[in-house]
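Visitor: Pasting the sequence and the predicted coordinates here, then a few questions.
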Amino acid sequence: VLERAAGGVLFVDEAYTLLPSTARPRGRDHGAAALREIARALPGGNPLVILTGAPLDLQRVLSSDIGFKGHFLTRIEFPDA
C-alpha cells in the first residue's frame with residue numbers, strides 16, 4: 001500500500017481500528033504491523049499520511065508507542081453535525 005501511495009496521499013480512515021485488539025484472534029491481528037510500517041514512512045514525508053477518526057480514538061493512536069509521536073504536526077477537527 002505504501003509503495004502504491006508513494007508520491008501521493010495515504011488516507012487511513014478510522015485509524016484506531018489498527019491498534020492491537022483482544023477482539024481479533026491472536027496471530028491474525030496485523031493492525032499494529034500496518035501502523036509500524038506507516039510510522040516508518042513518516043519521516044520521509046512520502047507518501048503524505050492522513051489519519052481520520054474520532055478525536056479521542058486518534059489520540060490513542062498518536063500516543064501509542066508505535067512511532068507516531070512528533071510526526072503529525074497539524075490537527076484539524078470538524079464539529080459534529
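Guide: Looks like it came in fine.

Visitor: pretty sure Asp13 is touching Asp57, no?
Guide: No - the criterion here is CB atoms under 8 Å, and Asp13 misses it with Asp57 at 11.4 Å. To be clear about C-beta, it is placed using only N, CA and C from the backbone, and glycine gets the same treatment.

Visitor: more neighbours, those two?
Guide: Legend: neighbour count by other CB atoms under 10 Å for Asp13 and Asp57, higher for Asp57 (16 against 9).

Visitor: show me what contacts the closest residue to that one other than its chain neighbours?
Guide: Sequence neighbours aside, Tyr16 is the residue nearest to Asp57 in space, at 3.7 Å (criterion: CB to CB, 6 or more residues apart in numbering). Residues in contact with Tyr16 (CB atoms under 8 Å, 6 or more residues apart in numbering) are 53-54, 57-58, 60-61.

Visitor: Report the central residue of this protein.
Guide: Ala15 (4.8 Å; CA atoms, centre = their mean).

Visitor: Looks like it contacts Gly53 (just checking).
Guide: Yes - taking CB under 8 Å as the definition, Ala15 is a contact partner of Gly53 at 5.4 Å.
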